[in-house]
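Engineer: Let's see this in three dimensions:
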Amino acid sequence: MNPDTREKLMGVSVATLCSALYKRGLKNQTIQDVRPVRPKGRNMVGPAFTLRYMPAREDRNPMSVFRDPKHPQRHAIETCPEGSVLVMDSRKDPRAASAGDILITRLMVRGGAGVVTDGGFRDAMTIGELDIPAYHNRPSSPTNLTLHEAIDINVPIGCGDVAVFPGDIMVGDDDSVIVIPSEIAEEIADEAVEMTAYEDFVTERVKAGHTIIGLYPATDERNLALFAEWRRINGR
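Structural biologist: Sure thing, here's the model as predicted:
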């Protein structure tokens with residue numbers, strides 16, 4: 001991933017990115033019903049590396065499958081590239097865990113930028129204490145084998161009703177997670193930085209008692225002149 005693009009995306013909100021993508025006709029990029037295990041106060045940014053689960057069948061999922069070093073769940077943890085976000089398709093079913101604290105710790109130590117599932121995590125409170133950003137639906141203690149069979153790695157998946165393709169750029173903040181198609185990530189990052197600067201200016205004006213009419217959106221040219229001066233003073 002372009003380091004400059006990563007740096008820009010570290011400083012913008014998912015809400016702002018939603019608006020930038022909406023302008024391009026992309027209305028369904030925010031992963032639904034997924035939230036931080038624990039807010040980190042910083043963004044998660046990185047290309048998607050995916051793991052797909054399918055419904056488990058009892059004869060295929062005894063505990064002994066974890067002895068296989070190529071078991072897709074274990075293999076995903078051990079092969080997710082440094083700086084990438086592991087994104088798991090758990091079919092929006094948090095009744096059994098997508099992973100637990102030991103696997104997420106291993107992902108963190110290997111340099112993973114974050115982890116996202118539309119299911120749940122076991123040992124969620126421990127995962128929340130880790131430095132790696134983690135997003136899920138809710139805590140879930142049963143092992144993944146109870147309901148999920150890890151079946152494929154780094155293929156297109158659905159996560160929280162959003163299509164995720166390997167290499168798509170994942171951005172998470174303390175609210176939610178969004179998926180940016182990789183081919184437009186740079187232009188979206190540039191636009192979001194500009195939008196964030198104006199939104200910060202607007203927030204200052206509103207806190208000072210100014211009306212949003214003509215300010216948000218900027219339909220009054222005088223506000224654009226004030227914004228230009230604000231940018232000069234603040235180095236934005």
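
Engineer: residue ranges for the strands of this protein, please.
Structural biologist: All strands of the chain, identified by DSSP state E, fall at 35-36, 44-55, 85-89, 97-99, 114-117, 120-121, 134-136, 138-139, 148-153, 157-159, 162-164, 169-172, 177-180.

Engineer: Redo those strands as CSV? Include mean neighbour count.
Structural biologist: Using the backbone N, CA and C atoms, a C-beta is placed for each residue, glycine as well. Converted to CSV, the strands of the chain look like this (neighbours: other CB atoms under 10 Å):
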stretch, mean neighbour count
strand 35-36, 18
strand 44-55, 23
strand 85-89, 28
strand 97-99, 28
strand 114-117, 28
strand 120-121, 26
strand 134-136, 25
strand 138-139, 15
strand 148-153, 20
strand 157-159, 22
strand 162-164, 20
strand 169-172, 27
strand 177-180, 26
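
Engineer: I'd like to know which of these lies nearest to residue 62.
Structural biologist: strand 148-153 (11.4 Å; CB to CB).

Engineer: could you say what helices and strands the closest one packs with?
Structural biologist: Packing partners of strand 148-153 (3 or more CB pairs under 8 Å, 6 or more residues apart in numbering; DSSP states H and E): strand 44-55, helix 72-79.

Engineer: So which residues of this protein form helices?
Structural biologist: With helices called from DSSP state H, the chain shows them at 3-9, 14-22, 72-79, 101-109, 124-129, 185-207, 221-234.

Engineer: Show the secondary-structure elements that the second one is packed against.
Structural biologist: By that I understand helix 14-22. Helix 14-22 packs on strand 169-172, strand 177-180, helix 185-207, going by 3+ CB pairs under 8 Å, 6+ apart.

Engineer: average pLDDT for the longest one?
Structural biologist: Taken as a whole, helix 185-207 has an average pLDDT of 97.

Engineer: How far off centre is stretch 72-89?
Structural biologist: Centre-to-centre, stretch 72-89 and its host chain are 14 Å apart (CA atoms, centre = their mean, to the nearest Å).

Engineer: Name the surrounding residues that touch that stretch.
Structural biologist: 1, 44-53, 66, 68-69, 98-99, 103, 106-107, 110-119, 144, 150-153, 157-159, 164, 170, 172 (CB atoms under 8 Å, 6 or more residues apart in numbering).

Engineer: at 6 Å what do you get?
Structural biologist: With CB atoms under 6 Å, 6 or more residues apart in numbering as the contact definition, stretch 72-89 has outside contacts at 46-53, 98, 103, 106-107, 111-117, 150, 153, 157-159, 164, 170.
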